[in-house]
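Visitor: fold the stuff below for me.
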Amino acid sequence: MESDKITITTADFEDMDSSPRTPVACVPPIPLWWRLLSALLILCPPVLFIVTIVGLTTLRRRDLLVRHAYTVHYCCLLLASGIIWTLVAFALAIWMPSTLLDRISVTSTLSINTFPQLPSDNILSGKDIARQLSPLVVVVHHAGHHALFSSDRGGKQACGAGALALATHDGYLLVTSRHVVDALSGRSGIGEIVGVTLQDGQEAHATVVGIHRSLDLALLWVPRKQANTEYVQPIRSFKTIEVGEQVFVIGHPEGLEFSISSGLIAQKRGTGLIQMSAPVSPGNSGGPVYDTNGRLLAIVQSVFDKTKRPNAENLNFAVRVDDLLNSDVWILAKKGHTAIASLSSKSPSGSNRTYLPETKR
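Guide: I've put the predicted structure just below:
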């Protein structure tokens, strides 16, 4: 039995230590250049997804170690891409400027294709004015926000009003108060964006294309869906307006949208201000004042604050609009300059013709 024993001596160990060893090279399954290049695909998830599908498909015949390495690599890239773009989406939702969100959320065009025949040869009643001209009045509000919002009175509160002055084949020129634009955008600068809403619910963005140099007036432009019909709002010269004439106001007093009121021209103040007895309230600012022939006389500017002057009963003021036919008194964008020139050339008032006094009943 002793012959079956195996004896290992110190010499055997020395022989083992002295035997040559073959180094084993450790080659990474994924080349470094591909790791770096594929990492850039994190910025483009669709491309990364396609590369992952194609890459794993072509590795089906490779050994298990290589397939495992590539699978882990692609999974890490997809996970990192998902986390990065999720954080970007949250950041945009929280910090994206509200004006940019507004421009994305609202359509950019309006469509008005039916217009009244004005000025009327006959005197129009309040019912006629409401039916024919209310569709040409807009609510002016923050861009992208709903035109109307709840008020403490249980009704709706609108910011201001505006009136259509010109409709061409490619857009609409609206006139409103400069202080309405100031309140909405922080400043009444060329290129500022506000929202406008028609009586039928159409809503769009309007761009400020004109600011009057001295009067409380601003011009808005809204693109139009292609149409052949055009409209020019008849404008009444300030010097032809007489004290005692009946006028109509359309606006949104205290959020009561598209309300109509009537009154008399109480007085002409200075060279551009009209005092009238037609009731107005906050929400009427920027709204139109029409005569009984449907001509635009003025734009509502202000009302005396009764909380500061309790005895100020029905003292309301509007600004003349005949400067719509004179581009020299405006700060205009290119589109505004073109629109004013078109309005001046097409308006009956633009040919130095003075309107005759109103037709009597």
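Visitor: CA atoms for contacts and neighbours, from now on please.
Guide: Noted.
Visitor: what is the rounded mean pLDDT of the strand or helix carrying residue 209?
Guide: Assessed by DSSP states H and E, residue 209 sits inside strand 203-212. Mean pLDDT, computed over strand 203-212, is 94.
Visitor: for that strand, which helices and strands make contact with it?
Guide: When contacts are defined as 3 or more Cα pairs under 8 Å, 6 or more residues apart in numbering; DSSP states H and E, strand 203-212 sits against strand 193-197, strand 218-223, strand 330-332, helix 334-346.
Visitor: redo the ones you listed as a markdown table? Include mean pLDDT.
Guide: What follows is those, written out as a markdown table (pLDDT from 0 to 100):
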| stretch | mean pLDDT |
| --- | --- |
| strand 193-197 | 93 |
| strand 218-223 | 96 |
| strand 330-332 | 96 |
| helix 334-346 | 94 |
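Visitor: out of these, which gets nearest to residue 180?
Guide: For residue 180, the closest of the helices and strands packed on strand 203-212 is strand 218-223, at 8.7 Å, according to Cα to Cα.
Visitor: note down every partner strand of the closest one and its orientation.
Guide: Its sheet considered, strand 218-223 pairs with strand 171-176 (antiparallel), strand 203-212 (antiparallel) by DSSP bridges.
Visitor: which other residues reach the strand holding residue 209?
Guide: By Cα atoms under 8 Å, 6 or more residues apart in numbering, the surrounding residues in contact with strand 203-212 are 103, 106-110, 143-144, 178, 188-197, 217-222, 329-336.
Visitor: for the closest residue to residue 172 other than its chain neighbours, list the residues it contacts.
Guide: Among residues not flanking residue 172 along the chain, residue 222 sits closest, at 5.2 Å (Cα to Cα, 6 or more residues apart in numbering). When contacts are counted by Cα under 8 Å, 6+ apart, residue 222 touches 108, 109, 110, 171, 172, 173, 174, 204, 205, 206, 207.
Visitor: dump the helices and strands packed on strand 203-212 to CSV, plus distance to residue 295.
Guide: Compiled in CSV, the helices and strands packed on strand 203-212 are given as follows (distance: least, Cα to Cα, whole Å):
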stretch, distance to residue 295
strand 193-197, 22
strand 218-223, 18
strand 330-332, 22
helix 334-346, 14
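Visitor: of all the ones you listed, which lies closest to residue 164?
Guide: strand 218-223 (9.3 Å).
Visitor: residue 296: which of the helices and strands packed on strand 203-212 is closest?
Guide: helix 334-346 (13.3 Å).
Visitor: buried residues in the closest one, which are they?
Guide: By neighbour count on 16 or more other Cα atoms under 10 Å, the buried set for helix 334-346 is 335, 336, 337, 339, 340, 341, 342, 343, 344, 346.
Visitor: what packs against it?
Guide: strand 160-167, strand 203-212, strand 218-223.
Visitor: what about these, which gets the closest to residue 65?
Guide: Closest approach to residue 65 among the helices and strands packed on helix 334-346 (Cα to Cα): strand 203-212, 59.3 Å.
Visitor: that closest one to helix 334-346, inter-axis angle?
Guide: The directions of strand 203-212 and helix 334-346 differ by 80 degrees, with axes from the mean of the first three to the mean of the last three Cα atoms, to 10 degrees as the criterion.
Visitor: where in this protein is pLDDT low?
Guide: 1-28, 96-107, 144-158, 303-314, 349-361 (pLDDT under 70).
Visitor: helices along this protein, start to end?
Guide: 10-18, 32-39, 45-58, 64-95, 98-105, 126-133, 178-185, 334-346 (DSSP state H).
Visitor: my guess is residue 299 contacts residue 288, does it?
Guide: Yes: between residue 299 and residue 288 there is a contact under Cα atoms under 8 Å: 4.8 Å.
Visitor: have a look at the two and say which one is more surrounded.
Guide: Shown here are residue 299 and residue 288; by other Cα atoms under 10 Å, residue 288 has more neighbours (32 against 29).
Visitor: ok, that one - contacts?
Guide: Residues in contact with residue 288 (Cα under 8 Å, 6+ apart) are 137, 161, 162, 163, 249, 250, 251, 296, 297, 298, 299, 300.
Visitor: now do 7 Å
Guide: In this structure, residue 288 makes contact with 162, 163, 249, 250, 296, 298, 299, 300, judged by Cα atoms under 7 Å, 6 or more residues apart in numbering.
Visitor: hey, C-alpha coordinates of stretch 114-123 in PDB?
Guide: Once non-C-alpha atoms are left out, stretch 114-123 reads as follows in PDB (Å, rounded to 0.1, in the frame of the first residue of the first chain):
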ATOM      1  CA  THR A 114     -70.100  88.400 -43.000                       C
ATOM      2  CA  PHE A 115     -70.000  92.200 -42.600                       C
ATOM      3  CA  PRO A 116     -72.700  94.800 -42.300                       C
ATOM      4  CA  GLN A 117     -73.300  97.400 -45.100                       C
ATOM      5  CA  LEU A 118     -72.100 100.700 -43.400                       C
ATOM      6  CA  PRO A 119     -72.600 103.500 -43.000                       C
ATOM      7  CA  SER A 120     -76.300 103.000 -43.100                       C
ATOM      8  CA  ASP A 121     -78.500 105.500 -45.000                       C
ATOM      9  CA  ASN A 122     -81.100 105.100 -42.300                       C
ATOM     10  CA  ILE A 123     -80.800 105.600 -38.600                       C
END
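Visitor: among the contacts of residue 288, who's most crowded?
Guide: residue 300 (34 neighbours).
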